[in-house]
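**Q** sequence below, structure please.
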Amino acid sequence: MKYKLILVLLFVLIPVSSSLAAGEINPATMEKYRQLKANLGQMYQSKAGTYAKDILEKANRTLAKASEEIEIKNEKATMENLNMAILQIDLAKVKTEELEAAQKTAVTRTKVDKLSQRLNDILSGKGDTK
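**A** The predicted structure follows:
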């Protein structure tokens, strides 16, 4: 039983270690890179391109670093950069949502203030100044 376990482990570990030694980039990693690059392009075209341009530029630089790591076939550094870019893109989305919400709140606050003033005018006997 122990020998079977050792053989199974050898068959699993040898291909993994040989791919690491050869410095190959996993196809899934390459697909993730392509998807992030496309997603970033779409983000620039959305409101995030206006509200979170600084964060998107950081994500773009991070993806450039990932591309450099792909060129030298460094899987670990590539994945670290891709994961950082994902976080930066998510941050840009959240910042955009926050700023949109703040704008909607400001518009609503203005409406509330006008209605409150109108109510005060009516209650103080100035009448409806619509």
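
**Q** next secondary structure after the worst-scoring helix or strand of the chain on mean pLDDT?
**A** Ranking every helix and strand in the chain by mean pLDDT, DSSP states H and E puts helix 2-22 at the bottom, with a mean of 51. Once the chain leaves helix 2-22, the next helix or strand it forms, by DSSP states H and E, is helix 27-45.

**Q** quick one: buried residues of that next one?
**A** For helix 27-45, burial by neighbour count (16 or more other C-beta atoms under 10 Å) applies to Thr29, Lys32, Tyr33, Leu36, Leu40, Met43, Tyr44. In short, each C-beta sits where N, CA and C put it, glycine included.

**Q** stretch 86-102 now?
**A** Using 16+ other C-beta under 10 Å as the test for burial, stretch 86-102 gives Ile86, Gln88, Ile89, Leu91, Ala92, Lys93, Lys95, Thr96.

**Q** cool, and stretch 71-78?
**A** Across stretch 71-78, burial judged by 16+ other C-beta under 10 Å covers Asn74, Glu75, Thr78.

**Q** could you say what helices and strands the lengthiest helix in the chain packs with?
**A** As assigned by DSSP state H, the longest helix anywhere in the chain is helix 75-123. Applying 3 or more C-beta pairs under 8 Å, 6 or more residues apart in numbering; DSSP states H and E, we find helix 75-123 packed against helix 27-45, helix 48-51, helix 53-71.

**Q** show me what contacts the closest residue to Asn81 other than its chain neighbours?
**A** Closest residue to Asn81 apart from its sequence neighbours, by C-beta to C-beta, 6 or more residues apart in numbering: Ala66 at 3.7 Å. Neighbouring residues of Ala66 by C-beta atoms under 8 Å, 6 or more residues apart in numbering: Tyr33, Ala77, Thr78, Asn81, Leu82, Ala85.

**Q** tell me the spacing between the closest residue in space to Ile86 that isn't next to it in sequence and Gln42.
**A** Using C-beta to C-beta, 6+ apart and skipping the chain neighbours, the partner closest in space to Ile86 is Leu36 (6.7 Å). Using C-beta to C-beta, to the nearest Å, one obtains 11 Å as the distance from Leu36 to Gln42.
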